[in-house]
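K.L.:
prediction below, plus the sequence it came from.
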Amino acid sequence: MAIKEKQNVILNYELKINDEIVDTNFDKEPIEFVYGEGQLIEGLESGIKDMNEGDSKILKIPASQAYGEYDEKLSETIDIKDFEGIDLQIGMVLEAENSNDELIKATVTDVTKENVTVDYNHPLAGCDLEFRVEIKSII
């Protein structure tokens, strides 16, 4: 029976970017989610529509249906004094709350004696993704 709205789906996946495996759970526990509730990126959820238990598929998902296009406006340079007491490293992810008390994350992309550049884009923004998925169970 094919996947329908509000059903629990259990699946294994392998994620490739530019033909390089960057994540997989084939050697771990499969993930479980409720189909149709937006718990997966748009392209992955729409790509598994009509799959059945036991089916496998390769899905090529453009950035626009994954984590969005990279937006250079979401990068900013901040005075290093605002980071006093933090051992800043390029690639580290900082967390803060915005004016609506929502958690935001920023990746440190550059550190100088005067400034810190942070990027608010999702780390996979701008990336086309390739998923290999296997539907383990539909409940």
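P.N.:
Received it, and whenever you're ready, just let me know what you need. Residues are numbered from 1 along each chain as shown.

K.L.:
the helices in the chain, which residues?
P.N.:
With helices called from DSSP state H, the chain shows them at 42-47.

K.L.:
all strands of it, in order?
P.N.:
Using DSSP state E, the strands found in the chain span residues 8-17, 20-24, 31-34, 56-61, 75-79, 93-97, 103-111, 115-119, 129-138.

K.L.:
now mean neighbour count and distance to Ala2 too, for those strands, in a markdown table please.
P.N.:
Every C-beta, even on glycine, is put in place using the N, C-alpha and C of the backbone. Listed next are these as a markdown table, based on neighbours: other C-beta atoms under 10 Å; distance: least, C-beta to C-beta, whole Å:
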| stretch | mean neighbour count | distance to Ala2 |
| --- | --- | --- |
| strand 8-17 | 18 | 11 |
| strand 20-24 | 12 | 25 |
| strand 31-34 | 14 | 16 |
| strand 56-61 | 14 | 12 |
| strand 75-79 | 12 | 42 |
| strand 93-97 | 10 | 38 |
| strand 103-111 | 15 | 36 |
| strand 115-119 | 19 | 39 |
| strand 129-138 | 18 | 8 |
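
K.L.:
which one, of those, ends up nearest to Asp87?
P.N.:
strand 103-111 (10.1 Å; C-beta to C-beta).
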